[in-house]
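[1] sequence and computational prediction follow.
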Amino acid sequence: MQTKIKTIVADGHQIYREGLKMALSKLSRVEIVGEAANGNELMEILLHLNPDLILLDTEMLGTDGIKLCKTITSNFTCIKVIAITAFNDLNYLASIINSGVNCFLQKNTSRKELERAIDIVIDGQTFFPIHINQYKNNLKFTIMKTTKILLVDDDMDIITVLQTILSRNGYNVVTASNKLEGMQKLREEKPDLAILDVMMSTHYEGFEMAKEINDDPTLRNIPVLMQTSIEILVTTNPSVQDMAREFRKNPGFKELYVLLVKDVVSGNAGIDYLSENGKSIWFPVDGFLSKPIDVNKLIPEINRILDKRTKEVSIQ
């Protein structure tokens, strides 16, 4: 039998508090064990209860929400805290993060997003529904629209490591273990970036998934980053497709089933397949990560792709 997540709801507005309780009641993992309308009530409850999770409104009347978050995270280290706020001021959000909470959500968050946040923080990770691109002196950070990353890999150890790294850097991570599950998650979650392993149930399943994404008009705007142990051919030619065709003419490369080509100047990249009938099939991707993954290169490469895609969208 699944262990229930003992949860306290602390919110100064009764109507919103009741709405939260109603949403939580639909989550099978959650058990509401208490509620509070202000900080004093919450601290009184914590003298008698030992919950797993607190959903904490940071703007309760008569309560310094940031100070309350710091008090709880400092003195009740086993309790996970999801801060809930109606504000989106950058300095205020930075203060919430700096208070030590495991997550913050806007008050207009969806039940699905709430459920995802609870699952992530209970599993010991942080979750912020924004991409923290810069976080300096515990004060400054910028918000980008690109926040959600889909990891597709059949190796759970790699999934766990990458998910931990990405979560700590402020990304919301969704996972899948194969192409079929990955395509389903793509359509359901609409991530801002997909990181695909090449070798899963087949040697080139990741490439097949990348091509399917590229061929689907509803998905092709999602950037794709491939993680692979196949050698990546680098060039300074911005037309990596043309360069792949040139590589094909080289006797040392023309028999290879797959060519990975990347322009080191622009970052443009792509994959050239050699089909069974000898036809060369091309499609672009947004970048490659060589295995084993270098953590020091992972986040910069993700940021490069997200920044590039943001600029492309703003131009359009």
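    Okay, I see it.

[2] just the helices in the stretch 151-300 of the chain please.
    156-168, 179-189, 205-215, 240-249, 295-315 (DSSP state H, counting those that start in this stretch).

[3] can I see the domain layout of this protein?
    5-129, 149-315 (automatic domain parsing).

[4] could I get the average pLDDT for the last one?
    To tie it back to what came earlier, the one meant is domain 149-315. Averaged over domain 149-315, pLDDT sits at 84.

[5] can you give me the strands in the stretch 51-200 of the chain?
    For the stretch 51-200 of the chain, applying DSSP state E, counting those that start in this stretch gives strands covering 53-57, 80-85, 103-106, 131-132, 143-144, 148-152, 172-176, 193-197.

[6] for stretch 8-24, buried residues please.
    Across stretch 8-24, burial judged by 16 or more other CB atoms under 10 Å covers Ile8, Val9, Ala10, Asp11, Gly12, His13, Arg17, Leu20, Lys21, Ala23, Leu24. The way it works is simple: take the backbone N, C-alpha and C, and place the C-beta from them, glycine included.

[7] so which of these sit within helices?
    Arg17, Leu20, Lys21, Ala23, Leu24 (DSSP state H).

[8] mind putting the residues you listed into a markdown table with pLDDT and distance to Val265?
    Output for those, formatted as a markdown table (pLDDT from 0 to 100; distance: CB to CB, whole Å):
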| residue | pLDDT | distance to Val265 |
| --- | --- | --- |
| Arg17 | 93 | 55 |
| Leu20 | 93 | 51 |
| Lys21 | 94 | 55 |
| Ala23 | 92 | 49 |
| Leu24 | 94 | 51 |
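
[9] any regions of the stretch 1-150 of the chain where pLDDT drops low?
    For the stretch 1-150 of the chain, applying pLDDT under 70 flags the ranges 1-2, 90, 129-147.

[10] what ranges do the helices span in it?
    Under DSSP H, counting those that start in this stretch, the stretch 1-150 of the chain gives helices at 14-25, 39-46, 65-75, 90-98, 111-122.

[11] make JSON lines out of those helices and add distance to Leu259.
    Output for these, formatted as JSON lines (distance: least, CB to CB, whole Å):
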{"stretch": "helix 14-25", "distance to Leu259": "50"}
{"stretch": "helix 39-46", "distance to Leu259": "60"}
{"stretch": "helix 65-75", "distance to Leu259": "51"}
{"stretch": "helix 90-98", "distance to Leu259": "43"}
{"stretch": "helix 111-122", "distance to Leu259": "38"}
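
[12] of those, which is nearest Arg304?
    Ranking these by proximity to Arg304 (CB to CB) places helix 90-98 first, at 23.0 Å.
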